[in-house]
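Asks: How does the following fold in three dimensions:
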Amino acid sequence: MAAIFVGAIFLFAIPAWLPVVLNPKSWLRVRSAVIAFTVSDILQLVFVIGVGVRLFPLDFSIRFAAVGAPFCIVAMVLGVAGGNVGVIVSGFLSLLGWLFFILLH
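Replies: So this is what the prediction gives:
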């Protein structure tokens with residue numbers, strides 16, 4: 001089950017990172033939004049893999065989301081300010097992921 005969630009997390013990252021990969025010059029314009037989103041994404045990966053290998057219980061989702069969800073919100077705000085729709089979409093999907101993990105426990 002953890003592999004499915006890891007795959008979903010990587011799929012959620014595609015809209016944020018695709019413009020940077022296709023046009024590396026856009027990195028300067030969108031870097032803060034992409035970095036904020038990536039921090040949240042890495043936290044989600046650590047959480048999902050940690051729960052998958054039973055490093056910590058699913059109850060830790062609130063603790064991880066308390067850090068990760070604000071990064072999603074910051075990424076979406078920076079995405080709106082910078083006109084980066086990909087980060088907005090990825091941030092929203094990642095925020096839904098955090099809410100799902102919170103509701104799962």
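
Asks: tell me the centre residue of this structure?
Replies: In the chain, the C-alpha closest to the average C-alpha coordinate belongs to residue 41, at a distance of 3.2 Å (C-alpha atoms, centre = their mean).

Asks: Surely residue 64 and residue 43 touch.
Replies: Yes - with contact defined as C-beta atoms under 8 Å, residue 64 and residue 43 form a contacting pair (5.7 Å). From N, CA and C alone the C-beta is placed, and that goes for glycine too.

Asks: All the helices of this protein, residue numbers only.
Replies: Listed in chain order, the helices of the chain (DSSP state H) span 2-22, 27-52, 61-82, 85-104.

Asks: Just the buried residues of the first one, please?
Replies: Of all the residues in helix 2-22, those buried under the rule 16 or more other C-beta atoms under 10 Å are 5, 8, 9, 12, 13, 15, 16, 17, 19, 20.

Asks: which residue sits farthest out from the middle of this structure?
Replies: residue 25 (22.6 Å).

Asks: Now do the contacts for it.
Replies: Residue 25 sits next to no residue when contact means C-beta atoms under 8 Å, 6 or more residues apart in numbering.

Asks: what's the pLDDT at residue 15?
Replies: As predicted, residue 15 sits at a pLDDT of 95.

Asks: if you skip the residues just before and after it, what's nearest to it?
Replies: When the adjacent residues along the chain are set aside, residue 15 lies closest to residue 86, with 3.9 Å between them (C-beta to C-beta, 6 or more residues apart in numbering).

Asks: Any regions of the chain where pLDDT drops low?
Replies: Per-residue confidence of the chain (counting by pLDDT under 70) places no residue in a weak region.

Asks: repeat that for 90
Replies: By pLDDT under 90, the low-scoring segments of the chain are 1, 19-20, 23-30, 82-84, 104-105.

Asks: Since that was my last question, I'll sign off now.
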